[in-house]
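Trainee: no sequence on this one, just coordinates:
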Ligand code: GLA
Ligand code: ZN
């Protein structure tokens, strides 16, 4: 976690690029930062070319000057390592650093996030730079965190990567026979005899489109290899910094549900999680919440840092609408409501050239403080000072968990059939949203996390059951837990090989069913089922199943499988295992999940009518902080559950009082 005894409040600031400006502007920046209540800047994110003008020269003079200035002005620093964009001279001299794209095209110098993670040049010089920075700045007290590279991502298909992939595979499978088994290479005559017969899976080989592969095994392994390769680069810089500053707190900025990188694995190697939140105005608030919750979830529920958000607009959408008045503040508190302990922006001063000149900033092109955006920023800055350290380090106590797994995500979406509309996050979100909009506190956990503290565990499309995960679920249900899973679960093992003997494979005894066939419904086509007297739709996939101990709770209405079970429950040990054999509507998920939660005595953090009043609770020792956010365009009311004081206004509300909360307003309520 970023916090230690030196941090007395929610840190507030963002990416600052003084290298793009002359020094007189820096002084003005300091004045404006103070006005806005800014107390931290992230420096040096894209400065490799100026820090290292050639192979052997490193110059820190400019950064020293910036450091002196920010230090003098009492700002904290999040120090980046600058390794997300290599210098042009390096690419010219060592072309191995350049990436090769999915279509086989070797790139030239340009853009950013452009280095091959398996390039010996990149590995050598990125680590060297991180170490030099650590050595040079180790005594600077103002540095409270280190920020390695920036938004790791993408992939590379160059020859170095191909060689490294073979080494990775050899290490994983040990023998070529084992690899042939795992990839089922007897199909289409793909048997390999030598490791160097294996080539990277892209458009030149197994793929005919980004997510379309003829061999899932190799494509899935490439995803793992790519994620681990980048993680290896992160770790190398991490260790270089730690070798100089053992107690440095090191992170890299993640991106929420970013498919290419297995963040659950990454989190183990990071001191604290930080991430960049760039929702579109039309995103449902529950979707933003889900991103925050995965970022909290990957590190066992620890608070995280909101490393970037735009104060106003982005530049990279088709239509870059302004954040509406008060929405920046609302979304900043939403981040805190889900676990953020620091709020940072991209960017502090709006640049004048290249592709981010129309991206929002704390200081706009006009250069002064008399803007709507600046006023909103300064207001939040004041409030964060008033809040002080109250919420810092507080955590959440959820009784419901939703299981998310990157391998499952990759494998599911590489699957050829049963439906091209099968999208992992859509299913996860269906369940998440139904809970979140009713204000249940939810943890998003991985397959290695302990289940025993949850009353209910939901695993939407657990297509892949890896290793002994079925054992963990069995234990959990036997001991009284409620487990809910859906159609197309328990199908394959961790190699994406089908588990034979009847779907849902190793989950069959727990669920007490056998799924004989799976029907994919074309878009716009629906079936239906009646649950407790009400009709709900069935779409996307319809599992056709037999009961093997489970009880049917609803049956299909139409087609040749009319009257076959679609929703089942199996009493197993002291617990219950539910199977939802199709995709249904939000309405169904809300009703069904609420019943399960009520059965288990789990209550929402705050009961409200309708949708749009979001509530979460952060807990610190005896203290409980209830965040209430009105995402709607109109004022709303709710009943105050206990006597509480609003930390933002100082106003006290009595238990049972009907409270009006204006549109886009926020309350942080502490029990009296
Ligand atoms: C990302 C990057 C930043 C900046 C912003 C703009 O989050 O990390 O450097 O490019 O996007 O939205
Ligand atoms: Zn490469």
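Mentor: It's in. Small disclaimer: the values here were computed from a predicted structure and weren't measured. Ligands and ions are numbered 1, 2, ... in the order given.
Trainee: Centre-most residue in the chain?
Mentor: residue 256 (2.2 Å; CA atoms, centre = their mean).
Trainee: Quick check: the residue of the chain nearest ligand 1.
Mentor: residue 276 (4.1 Å; CB to the nearest ligand atom). Every residue, glycine included, has its C-beta placed from N, CA and C.
Trainee: Neighbours of the closest residue to that residue other than its chain neighbours, how many?
Mentor: Residue nearest to residue 276 in three dimensions, not counting chain neighbours: residue 308, with 3.9 Å by CB to CB, 6 or more residues apart in numbering. The number of residues packed near residue 308 is 22, by other CB atoms under 10 Å.
Trainee: Against ligand 2, how distant is residue 308?
Mentor: To ligand 2, residue 308 is 27 Å away according to CB to the ion, to the nearest Å.
Trainee: Got phi/psi on the residue of the chain closest to ligand 1?
Mentor: phi -110, psi 120 (degrees, to the nearest 10).
Trainee: Contact partners for it?
Mentor: 151, 253-256, 307-309, 346 (CB atoms under 8 Å, 6 or more residues apart in numbering).
Trainee: Buried only: go through those residues for me.
Mentor: Buried members of the contacts of residue 276, counted by 16 or more other CB atoms under 10 Å: 151, 253-256, 307-309, 346.
Trainee: Ligand 2 contacts on the protein?
Mentor: 116, 118, 156, 158, 160-161 (CB under 5 Å from the ion).
Trainee: I'd guessed the residue nearest to the centre of the chain sits against residue 277; true?
Mentor: Yes. Proximity of residue 256 to residue 277 meets the contact threshold set by CB atoms under 8 Å, at 6.9 Å.
Trainee: all strands for the stretch 251-400 of the chain, in order.
Mentor: 253-254, 274-276, 304-308, 340-345, 400-403 (DSSP state E, counting those that start in this stretch).
Trainee: Tell me the residue in this structure that is farthest from the middle.
Mentor: The chain, farthest from centre, CA atoms, centre = their mean: residue 560 at 41.0 Å.
Trainee: that older thread, for the residue nearest to the centre of the chain, what are its contacts?
Mentor: 275-277, 291-292, 294-295.
Trainee: what about residue 540, which SS state?
Mentor: strand (DSSP: H, G, I helix; E, B strand; the rest coil).
Trainee: Count the neighbours of it for me.
Mentor: 23.
Trainee: Ranking by neighbours, what's the top pick from the residues of the chain next to ligand 2?
Mentor: residue 116 (28 neighbours).
Trainee: in the stretch 301-450 of the chain, which spans are helices?
Mentor: 327-337, 372-387, 406-414, 424-436 (DSSP state H, counting those that start in this stretch).
Trainee: how far away is the residue nearest to residue 276 from residue 468?
Mentor: Using CB to CB, to the nearest Å, one gets 38 Å for the distance from residue 308 to residue 468.
Trainee: Kindly report the same for residue 157.
Mentor: To residue 468, residue 157 is 34 Å away according to CB to CB.
Trainee: more neighbours, these two?
Mentor: residue 157 (25 against 12).
Trainee: can you tell me how far the more buried one sits from residue 120?
Mentor: Taking CB to CB, one finds residue 157 at 17 Å from residue 120.
Trainee: interface residues of the stretch 51-200 of the chain facing ligand 1?
Mentor: Applying CB under 6 Å from any ligand atom, we find that the stretch 51-200 of the chain lies next to ligand 1 at 150-151.
Trainee: make it 8 Å
Mentor: 84, 112, 150-151 (CB under 8 Å from any ligand atom).
Trainee: Identify the residues contacting the closest residue to residue 623 other than its chain neighbours.
Mentor: Leaving aside its sequence neighbours, residue 623 sits nearest to residue 670 (CB to CB, 6+ apart; 6.6 Å). Residues near residue 670 by CB under 8 Å, 6+ apart: 390, 623-626, 644-645, 647.
Trainee: Compare those residues and tell me which is most surrounded.
Mentor: residue 644 (24 neighbours).
Trainee: Can you report phi and psi for that residue?
Mentor: Dihedral angles for residue 644 - degrees, to the nearest 10 - are phi -150, psi 160.
Trainee: Verify the stated contact: it with residue 657.
Mentor: No. Checked against CB under 8 Å, the pair residue 644 and residue 657 is beyond contact range at 9.6 Å.
Trainee: helix or strand for residue 660, which one?
Mentor: Assigned by DSSP states H and E, residue 660 belongs to strand 658-661.
Trainee: before we move on, what about residue 618?
Mentor: strand 613-620.
Trainee: Near ligand 1, which residues of the stretch 351-500 of the chain are found?
Mentor: Near ligand 1, when you scan the stretch 351-500 of the chain using CB under 8 Å from any ligand atom, you find 356, 359.
Trainee: Quick check: the residue of the stretch 351-500 of the chain nearest ligand 2.
Mentor: residue 410 (19.3 Å; CB to the ion).
Trainee: neighbours of that residue, just the number please.
Mentor: The burial count for residue 410: 25, using other CB under 10 Å.
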